[in-house]
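[1] Need coordinates for the below:
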Amino acid sequence: MQEFNQSTVTEFILLGFAPDPRTNPLLFTFFIVFYLLILVSNSLLMTIIYQDSRLHTPMYFFISVLSMLDVCYTTTTVPQLLVHILSKKRTISFARCVAQMYIFLLFGVTESWLFSIMSVDRYVAICHPLRYKVIMSHWMCLLMVGICAAYGVVGSLFYTFFAMRLPYCGPREIDHYFCEVPAVLKLACADTSLNDLVDFIIGFNVIVVPLLLIVIVYANIFATIMKIRSAQGRIKAFSTCASHIIVVTMFAIPCIIMYMGPGSGSLSNSGKRMALFYNVATSFLNPVIYSLRNKDVKNAFLKLIRKGMAPE
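    As a prediction, the model looks like this:
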């Protein structure tokens, strides 16, 4: 931590998206609308799952945790972005930058591992349906989420420590809309080759390993599904997995490119767009995908609406 204390940079400037101030009102409207939709859609999904006892199953428990992570994940970056769009001063202190980097990674790594846990849940439900309630007990689900959170705490700590141990002595302009590791590393006044290696190793463990686990699990799931004699049964089994596969793909591919691709630290505009996709777009699309493709959620939503409109 000695290099951390020797840093001569006390604050960074986040360049964001708008080189032309005239586009700021349009950008502000776009981001605040998306952010409000993320808050409303994810909160509504969590409320529906909580209110309807028929949705008190492991699958919907994990979906509600995913919605909570999406809300926290987006809140780490978007409110600050909105303030910076309206303000001429787009600075962030060194300490706040470190905190934002850590919290963002904490929720991101936790979500990455949660996707793998959700695939295991689908495996047990499809391949071992008679033992599903025994294996996926309430305490087991809580333990699995706790393990995901532990990976998030440890993985993000390593990411942040190895990024911020470097000296930062200027320039201080971050070509991004928040303090993300690849963008911040570009400003380090030292060789970052060790960081690139460490980030690749950590990224392999927190992104690629969960993804490989998902691939292996779904290979077993599809092998089991193909043994189902009924065509309708196969379609129903596939449909329960489709939403999860779509969501994982949207999240994993941009993350791998951003954190593990060669020269990821040199990404600028493309890096910002990818970060915007897995930070904002997926948080908005996750509840949409899980609700529109799910009859149980739609029925629970209609039930909640009728209950709210019923006279007391």
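[2] all helices of the stretch 201-312 of the chain, in order?
    Secondary structure of the stretch 201-312 of the chain by DSSP state H, counting those that start in this stretch: the helices cover 209-225, 231-260, 269-276, 282-292, 295-309.
[3] Please disregard the earlier target; I meant the stretch 51-200 of the chain.
    Using DSSP H, counting those that start in this stretch, the helices of the stretch 51-200 of the chain run over residues 58-75, 78-86, 94-127, 132-135, 138-164, 181-185, 193-203.
[4] and of those helices, who's closest to Val288?
    In terms of CB to CB, the element of the helices of the stretch 51-200 of the chain nearest to Val288 is helix 58-75, at 11.2 Å. Where you see a C-beta, it was placed from the backbone N, CA and C, and this is true even at glycine.
[5] I figured Phe61 hits Cys141, correct?
    Yes. Assessed by CB atoms under 8 Å, Phe61 is found in contact with Cys141 at 5.4 Å.
[6] what sits against the residue nearest to Val297 when sequence neighbours are not counted?
    With sequence-adjacent residues excluded and distances taken as CB to CB, 6 or more residues apart in numbering, Val297 is closest to Ser291, at 4.7 Å. Counting by CB atoms under 8 Å, 6 or more residues apart in numbering, Ser291 touches 41, 45, 297-298, 301.
[7] re earlier: mean neighbour count added to the helices of the stretch 51-200 of the chain, as JSON lines?
    As requested, those are exported to JSON lines (neighbours: other CB atoms under 10 Å):
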{"stretch": "helix 58-75", "mean neighbour count": "22"}
{"stretch": "helix 78-86", "mean neighbour count": "18"}
{"stretch": "helix 94-127", "mean neighbour count": "21"}
{"stretch": "helix 132-135", "mean neighbour count": "14"}
{"stretch": "helix 138-164", "mean neighbour count": "17"}
{"stretch": "helix 181-185", "mean neighbour count": "23"}
{"stretch": "helix 193-203", "mean neighbour count": "16"}
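[8] In terms of helices and strands, where is the spatially closest residue to Leu55 that is not a sequence neighbour?
    Setting aside the residues directly before and after it, Leu55 is nearest to Ile49 in space (CB to CB, 6+ apart), at 4.7 Å. In the assignment (DSSP states H and E), Ile49 maps to helix 24-51.
[9] Tell me which residues of that helix come out buried.
    24, 27-28, 31, 34-35, 38-39, 41-42, 45-46, 48-49 (16 or more other CB atoms under 10 Å).
[10] could you give the angle of that helix to helix 78-86?
    160 degrees (axes from the mean of the first three to the mean of the last three CA atoms, to 10 degrees).
[11] Quick one: low-confidence residue ranges for the stretch 151-300 of the chain.
    Along the stretch 151-300 of the chain, the parts satisfying pLDDT under 70 run over 261-270, 292-293.
[12] what do you get if the cut-off is 80, keeping everything else the same?
    The stretch 151-300 of the chain contains residues with pLDDT under 80 at 170-171, 192, 195, 199, 228-240, 256-274, 290-300.
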